[in-house]
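> sequence and predicted structure are below.
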Amino acid sequence: MTRIHKALALAACVVASVATAAVPEGVFRASALNGIPFRNAKGEDLGKLNDLVVNKDGKIVYGVLSYGGVAGVGDKLFAVPTSHLALGDVPGNPAKKQITVSVDKSQLETTPGFNEKDLPTQPSPVFMGRDTTRDTVTGRKTEEPEVWRVSKITGMSVKNRAGENLGKINDVMVSLKDAKVVFAALAYDVAGTTTAKYFAVPWEAMEVKSVTGKPTDVSMVLDVPRSTLDAAPGYDKNNWPGEPDTKMFKRK
């Protein structure tokens, strides 16, 4: 296989991984969306989708655009409103996807980004029809964060209210159309084995907290005993569901 054929095959696999079979249109695994390029109507490369940020209600507040820099170093971060997060075909190459926004490259050059450690609570003004170098948005310092990066939720340990370890968040399924989290994928550690079972957990059934009271011992907490998960089949990790399991997992 030539280099060109290998590259085409890889591109096809990436596109196929963005959407998951048996799920509604516009619903994707968040991990598969990372790296989707941003361009404007002029065809200027504006960077890539670095992350999604959600609030306590599971609504997507904005997407994180990583602009400039090299390998993630020295890049500027902008909060792109959900109304702009629509996947479209790359002109001349429908096998690849991009996000088109109505912002010039020069605007991103002259507008400050946000601090990665101080997430804004709303989209950057530059995408809201206000081009200014001073009108920036910053997050508010609170004990409980108002917004979370999806990438920080992914990989988070999961426990139940009794403090039993259940596994970790494997990925987060999101709807760009509805701008919300559809469910979090729990990779449940089956006792006595090296395998995991997968469950679709509704956002409203999860709570980020410390069951021990230690600030450093924060995890995703569910109200479900291990025995319930042991007895349930879970779903095939190669065939993700399109909806959460609202019968097994109770609201927090």
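Received, thanks.

> and residue 235, how close does it get to residue 195?
Relative to residue 195, residue 235 is positioned 14 Å away (Cβ to Cβ, to the nearest Å). Quick note: C-beta positions are derived from backbone N, CA and C, even for glycine.

> between those two, who's got more neighbours?
residue 235 (16 against 9; other Cβ atoms under 10 Å).

> identify the bridge partners of that one.
residue 198 (DSSP bridges).

> got the contact list for it?
Shown in contact with residue 235 (Cβ atoms under 8 Å, 6 or more residues apart in numbering): 198, 199, 200, 241.

> what bridges to residue 45?
Beta-bridge partners of residue 45, as defined by DSSP bridges: residue 39.

> shouldn't it be in contact with residue 37?
Yes. Between residue 45 and residue 37 there is a contact at 6.5 Å, judged by Cβ atoms under 8 Å.

> any low-confidence regions in the stretch 151-252 of the chain?
Low-confidence segments of the stretch 151-252 of the chain, defined by pLDDT under 70, span residues 252.

> count residues in the vicinity of residue 126, would you?
25.

> surely it forms part of a helix?
Yes. Applying DSSP: H, G, I helix; E, B strand; the rest coil, one finds residue 126 inside a helix.

> which non-adjacent residue is nearest it?
residue 111 (4.8 Å; Cβ to Cβ, 6 or more residues apart in numbering).

> alpha carbons only: can I get whichever helix or strand residue 184 is part of in CSV?
Secondary structure assigned from DSSP states H and E places residue 184 in strand 180-189. What follows is strand 180-189, C-alpha atoms only, in CSV (Å, rounded to 0.1, in the frame of the first residue of the first chain):
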residue,chain,number,x,y,z
LYS,A,180,-25.9,18.8,25.5
VAL,A,181,-24.4,15.7,27.0
VAL,A,182,-26.3,12.6,26.0
PHE,A,183,-24.6,10.3,28.4
ALA,A,184,-21.3,9.4,30.0
ALA,A,185,-19.8,6.0,29.2
LEU,A,186,-18.9,4.1,32.4
ALA,A,187,-16.2,1.5,32.0
TYR,A,188,-17.2,-0.7,35.0
ASP,A,189,-14.4,-2.8,36.5
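
> name the residues that touch that strand?
27, 54, 58-60, 150, 153, 158, 165-175, 196-203, 206, 220, 222, 229, 234, 240-245.

> that strand: how far from the chain's middle?
Distance of strand 180-189 from the chain centroid (Cα atoms, centre = their mean, to the nearest Å) equals 11 Å.

> same deal with stretch 194-205?
From the chain centre to the centre of stretch 194-205 is a distance of 16 Å (Cα atoms, centre = their mean).
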